[in-house]
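In: structure for the following, please:
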Amino acid sequence: MLTGILWSAVSRNESVLAEAGEDNYDGAVIKLAQKILKKKATHGWEFVKAKGFKGIKFHVFDNTTGDMLVWSFSVVAQSSVDDAQVKSFLEKLVYITEPMRESEEWRSGDVLSAQSSFAPILLQKMEQVTSQGKLAMVNQQVNTTKQMMAENIEMALARDETLEGMQNRSEELNGMAKQFKKRAKQVKRFKMIQNAKHGVIVGGLIVGATAIIVVPPLVALL
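Out: Here you go, the predicted model:
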């Protein structure tokens, strides 16, 4: 059972791309999550409150491709959780999602398009806030930026390596003559089997060493 941070989500404009959490409070968490998601995007922090709970949201405005995108990072937490802890959690999400927000899936995918890949990471970060507690979070603030940048760099490198491998493989396949098509399929099948044995899904983006965990959505499909 989650305590502290009870729900969190990452959205693009009006679309929730990934969320994690649970509601053991007769719908109070879901209701507040829906309320914070509907708050108008501003250049600062957004807040909503209910008895025993609070919602906080932060926005990132992105016009790198000419079309303005608004990325939203939202949380519902118990009132007892310090605002600094919640803000630190959201700021960390901003950093670790930076390379992902450059991908086609995140920039144009449908609702919950990143649920399977990112919801387990969300859940892990939420549980870390609870396990570390306020003192640990405060002690980490000195190195927070360095830690975020390190995670961001590692994830960016992993993503670039995966995309480069996919692109190279695609170019090789496109350059093959028809007479070698059958052989190419055999080679590809063999590699997929070998990768599957090591827990790798060919063509997927593996982030860190996160185990395959299915996290059901709580709010986006309501």
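In: residue boundaries of the strands in this structure?
Out: 5-12, 15-21, 45-50, 53-62, 69-78 (DSSP state E).
In: mind putting these into JSON lines with mean pLDDT and mean neighbour count?
Out: Bear in mind the C-beta positions are built from the backbone N, C-alpha and C, glycine included. Below are these laid out as JSON lines (pLDDT from 0 to 100; neighbours: other Cβ atoms under 10 Å):
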{"stretch": "strand 5-12", "mean pLDDT": "97", "mean neighbour count": "25"}
{"stretch": "strand 15-21", "mean pLDDT": "97", "mean neighbour count": "24"}
{"stretch": "strand 45-50", "mean pLDDT": "96", "mean neighbour count": "15"}
{"stretch": "strand 53-62", "mean pLDDT": "95", "mean neighbour count": "19"}
{"stretch": "strand 69-78", "mean pLDDT": "96", "mean neighbour count": "22"}
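In: okay, these in a markdown table with distance to residue 122 next?
Out: Formatted as a markdown table, the strands of the chain follow (distance: least, Cβ to Cβ, whole Å):
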| stretch | distance to residue 122 |
| --- | --- |
| strand 5-12 | 5 |
| strand 15-21 | 4 |
| strand 45-50 | 19 |
| strand 53-62 | 15 |
| strand 69-78 | 10 |
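In: so for residue 222, which of those sits nearest?
Out: Nearest of the strands of the chain to residue 222, taken as Cβ to Cβ: strand 15-21 at 10.3 Å.
In: in its sheet, which strands sit next to that closest one, and in what direction?
Out: strand 5-12 (antiparallel) (DSSP bridges).
In: neighbours of residue 215, just the number please.
Out: Residue 215: 19 surrounding residues under other Cβ atoms under 10 Å.
In: can you tell me which residues contact it?
Out: 20, 115, 119, 120, 122, 123 (Cβ atoms under 8 Å, 6 or more residues apart in numbering).
In: among the residues you listed, which one lies nearest to residue 86?
Out: When the contacts of residue 215 are compared against residue 86 (criterion: Cβ to Cβ), the nearest one is residue 122, at 13.8 Å.
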